[in-house]
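Q: Only the shape, not the letters, is given here:
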């Protein structure tokens, strides 16, 4: 009987143990709720077969030699650096100006 009164009056038993139970139990409960969320997202994420085929093509590994074959014939000495439009400029007007300048120079 004495030990029960002593435990009841102890601050660790009164406040500490319930707090630890809340923290540990909350972590397990939160894990279950987030798992439900991710499972639901996985079910809703089904793609069209045609779109899925395009995505799978992008996932295939590219071989370094194949990429080298693609770019080895590109002439890198005659390239021109063209500035992109500023955020306040209209991009279509700016592109037309750049094309016009390029046509004049050629």
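A: Ah, there it is. Since the structure is predicted, the reported quantities are computational estimates derived from the model, not experimental observations. Numbers count the residues shown, from 1 in each chain.

Q: Helix or strand, whichever it is, which one in this protein has the lowest mean pLDDT?
A: helix 49-59 (a mean of 68; mean pLDDT, DSSP states H and E).

Q: Tell me the secondary structure of residue 85, please.
A: When classified by DSSP: H, G, I helix; E, B strand; the rest coil, residue 85 comes out as coil.

Q: Leaving out sequence neighbours, find the closest residue to it.
A: Residue nearest to residue 85 in three dimensions, not counting chain neighbours: residue 94, with 4.0 Å by CB to CB, 6 or more residues apart in numbering. C-beta: built from backbone N, CA, C; applies to glycine.

Q: And the helix or strand containing that neighbour, what's buried?
A: Element membership for residue 94 (DSSP states H and E) is helix 91-105. Of all the residues in helix 91-105, not one is buried under the rule 16 or more other CB atoms under 10 Å.
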